[in-house]
Structure formats: C-alpha cells, structure tokens
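Chemist: pasting a predicted model and its sequence here:
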Amino acid sequence: MALSVPAIMRTTAARLSALYLLLFALCAVALVFYMTSLSARMLTAQTQETINDEVLGLARAYQRGGLPILVRVVEQRSRQPGANLYLIADANGQILTGNVQSLEPGVLETEGWTNSPFSYQRFGEGELERQRNLPADQNTSEQSDAQAQGEKGHNAIALVLRLPNQMIMLVGRDLGEPERFRAVIRRALMLALGMMGLGGLLIWFFVGRAALKRIDSVSDASRRIMGGDLSGRLPVTGAGDEFDRLSENLNAMLARIATLNEGLKQVSDNIAHDLKTPLTRLRNRAEATLSGKHKTSDYRQALEGTIAESDQLIKTFNAILMISRLEAGYSSENTNRVDLAEAVRDVVELYEPVAEEAGVSLEADAREAAFVNGNRELIGQALSNIVDNAIKYSTGANAQPAVRVALERTGTEVRLSVADNGHGIPDDGDRARATERFVRLEKSRSQPGSGLGLSLAKAVMTFHNGRLELLPGNPGLSVVMSFPAREDH
C-alpha cells in the first residue's frame, strides 16, 4: 500500500526518524563550529609561540651589539622566505627596515600584542599593484598574476615593542596559512556533514520504507483475521528482528485463540449430542411415572433415579467448567509443594474397594517421595480419573485383570504411570482422540462415564506445565503423567 509524504510523516517511525535526523544535524553543526574554533585557537597559540621565539632571538642580538646588530639581524631575517614579519620604525612610525612596506593605520601606536589581525603589504607588492594598471597589450600574463596577487589580502598578528631609544620594533606572522588550514577544516567538516546528512536521509527513506511495508503487511493480515479468518497468521521474514518477534508472539496468541475457539465449538457440539441422551432419559422417566397409577414406592424410585441422573449431569458440567478454566490458564487454586508418592497412596487406598469388587488387582509402586509444584486436589482428581478408567477397561480382557500405579524420577521429570492389562487402544489415532472432550472409544457405551476423564487429566497436566501420554502396554494401556521436578527435593 503506497503512502503519500504527508501520510508517511504521520507515522511514528517517520516522526522518530525525522527527530533523530534533526538532533544529528544540530550535533554535527555544533561539532563543525567547535572544531573550527578549536583549530583557530590552536593555530593562534602556535603563531604567538613562534613570534615569542623570534622576539627572544632578536632580544639576544640586541643585548650582544645594541641597535646596529639588531638592525642587521632584522635585515637578514627579512630577506629569508617565510611567513614571519619584521619591522623597525622610528618614534614617528616611519618604517626604517624590515620586510613590511605598509601597515594598517594604528598598529604601531599600541605596545604589546595587536588586538586583532591587521592588514599589511610586503615589499614588492607595490610593483604588482602598479602592473595592474598596465595596458592590456603589454605583458598580459604578468598583469593577470599581478591582479591575482594584488586582490589577495594579507592579514597578520604581531607583537609591538618599544626600544630604549623610542624606536619601534614589530615582529609578526602572516595568517594566510592558518586561515587556509581553518578553511580546509571547515570545508571538510561541512562536506562530511553533508554526506552524513544525505546518507541519513537515504537510510531513513529505504529503511523506513521497508519498515512501513512490513507494518502494512501486518495490518493487512490483521484485517483478514478480524474478518473471521482465524487461520491467518502475521508474516515472519526470518530476520529475527523486533518485527519478527512481535509477529511470532502474536501468531502464538492467535494459535491459542484458535485452539480455544475450536475447543468451545467442540464443547458446544458435544454438549448438544452427549447430554441429549441423559436429558431425554430424565424426561421419559418423568413422563412414564406420571402416566397411569403407580405406588408410592414407584414414585420414590423414579425420583431417586432422576436425582442420580441429575447428579451425573452436574458432575459433567463441573468437569467441563474445570477443563475450560484450566485450558484458559487460570485457576483460583493455589499451587505449592506436592508429594506425588503420598498422592498415589491416597488414590490407591481410595480405589482398592472398587478394584476388589471388580476383581481387579490394584498395585502401587511409590516408595520414595517425589516433589513437584502443583495443586494436590487437581493432581488427585486427574489420577483418580485415570485409575478409574484403568479399572473399568481392564475387566473382561484378561483372566487376571491388574492395574499398576508406578512413580519414578528420570532426570528433571517425575513420571507417574498407570498401566493396565486390558484391551488397550491399539490405534495411534484413537489414542490421540481419547483425550478430547466427550470422546468414548467404547462403541457399546456399556460402561458409565461422560468421556471427560482423560480430557480433565490432560488439562491438569497442561496447567502444571507437564504432559499426558497414552502408550501401548502390550497388552493394555499405559497412561503417563510427566511433571517438572522440584529442585529442592
């Protein structure tokens, strides 16, 4: 989706990029001025140091031979090429010797360092100035050089000293080289600023555009999902950046929502199908009781059957609510330190009479304590459902039906297994379906139950960050509950 410039500037990414670019530009401009000023101060200090060295040398010459030696040394140094300036003038400012032909007015009037750079003219530049006025047909090349040299100004700083005989000595240095150096630094910094600014704009344009395209793709996918396509997912490029991490988290959330919606749909369908039968039995029993004349004992028997059927319905609904609450990741129950060995002993003790009545041998192997973080009531309920199923479905398949509950610690897990020697579930697909709500693999439905026992056990294991596995027992079935073990056991 193409965006216009005003639309792009309304985005947070564009505004942040523009703000960063502005701050960068301000910092770069401040850096240019700072570096230019620093280089100017350094060059000025270096120039003054050079002038001081020259003055010390001239002072030693004056001490050796007075004014004649001083004038001789000044004349010698004036003839040497370089940027140093030398001048000796009388008390009235009339130049006597040196390499300076003229000065800006007022320079020699104040003793000490000049307050600011001043302009001057060297010897020989007057001739160049005269050549500027030559006719065009005479020495054109020399005229061009003279014009270039004449138009080029000279600035300098100097130290003005008054000698004991009231004569004036000026020692200075031309600022052409420092000014050229400062100009080079300024141009280099400005060029670097321009290149960095251009690079920042290009990076902002291309990177920002790519980021906006990814945001647009996320927005398009979000609109499709909001339109009802819960199977859609946000795009993941594989770059591993913050957009990918956000998309992965949102995709995980969408997968969780889709799972919950699918579970809700299955619950609704299962309630409509599996609870229709007990409700129909309740109605038929009430209708049969009301039709005709019956004894008081008949009415009492019918009411007792209705109450028993209602209790079973209430248990079914409570199991459905518990499963939904656990799968949603919420429970008002507290979790603490639980000894699974103790829980195994309690459940086995509870179901021993049931197993004895059914002719099933119930054994427990949980001698050593094994601690986990969890809710004892939920774990006990899940284990009770699994043991109850094992007792029910082990009968009729073996002459000596048996159920064995074992507890063992393997690495960082505690495995609680319930194994029987019944018919089992030979098909892998059926074992996967057995933990779904209201799924009962027994087609005859001769055994009592609602098909929620293993579903509740699976929800309990998910709540405890564990897993529930149904494994073939050869013969029979082994249901394994794997818990993360506590480290402080």
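Modeler: Looks like it came in fine. A quick note: this is a predicted structure, and the numbers were derived from the prediction, not measured.
Chemist: where in the stretch 201-350 of the chain is pLDDT low?
Modeler: 204, 207-209, 263, 266-267, 269-275, 324, 327-334 (pLDDT under 70).
Chemist: where along it do the helices fall?
Modeler: Ranges of helices in the stretch 201-350 of the chain, per DSSP state H, counting those that start in this stretch, are 242-274, 276-290, 296-327, 340-358.
Chemist: ok and the first one relative to helix 296-327, angle-wise?
Modeler: Computed by axes from the mean of the first three to the mean of the last three CA atoms, to 10 degrees, the angle separating helix 242-274 from helix 296-327 equals 170 degrees.
Chemist: packing partners of helix 242-274?
Modeler: helix 176-226, helix 296-327 (3 or more CB pairs under 8 Å, 6 or more residues apart in numbering; DSSP states H and E). In this view, the C-beta of every residue, glycine as well, is placed from N, C-alpha and C.
Chemist: what about 10 Å?
Modeler: Secondary-structure packing of helix 242-274 (3 or more CB pairs under 10 Å, 6 or more residues apart in numbering; DSSP states H and E): helix 176-226, helix 296-327, helix 453-463.
Chemist: make JSON lines out of those helices and add mean neighbour count and distance to Arg256.
Modeler: Putting the helices and strands packed on helix 242-274 into JSON lines (neighbours: other CB atoms under 10 Å; distance: least, CB to CB, whole Å) gives the following:
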{"stretch": "helix 176-226", "mean neighbour count": "14", "distance to Arg256": "13"}
{"stretch": "helix 296-327", "mean neighbour count": "14", "distance to Arg256": "10"}
{"stretch": "helix 453-463", "mean neighbour count": "23", "distance to Arg256": "12"}
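Chemist: Throw the helices of the stretch 201-350 of the chain into CSV and include distance to Gln101, thanks.
Modeler: As requested, those are exported to CSV (distance: least, CB to CB, whole Å):
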stretch, distance to Gln101
helix 242-274, 71
helix 276-290, 121
helix 296-327, 101
helix 340-358, 108
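Chemist: which stretch among these comes nearest Tyr86?
Modeler: Relative to Tyr86, the nearest member of these by CB to CB is helix 242-274, separated by 68.8 Å.
Chemist: between that closest one and helix 176-226, how big is the angle?
Modeler: For helix 242-274 against helix 176-226, the angle by the same axes, to 10 degrees is 10 degrees.
Chemist: distance between helix 242-274 and the chain's centre?
Modeler: Mean-position distance between helix 242-274 and its chain equals 26 Å (CA atoms, centre = their mean, to the nearest Å).
Chemist: okay, the angle between it and helix 453-463?
Modeler: 160 degrees.
Chemist: centroid residue for this protein?
Modeler: A centroid search over the chain (CA atoms, centre = their mean) returns Glu242, at 5.2 Å, as the residue closest to the centre.
Chemist: biggest helix in this structure by residues?
Modeler: If you go by DSSP state H, the chain has its longest helix at helix 12-79.
Chemist: list the helices and strands that helix packs on?
Modeler: Helices and strands touching helix 12-79, as assessed by 3+ CB pairs under 10 Å, 6+ apart, comprise helix 5-9, strand 84-89, strand 95-98, strand 155-162, strand 168-174, helix 176-226.
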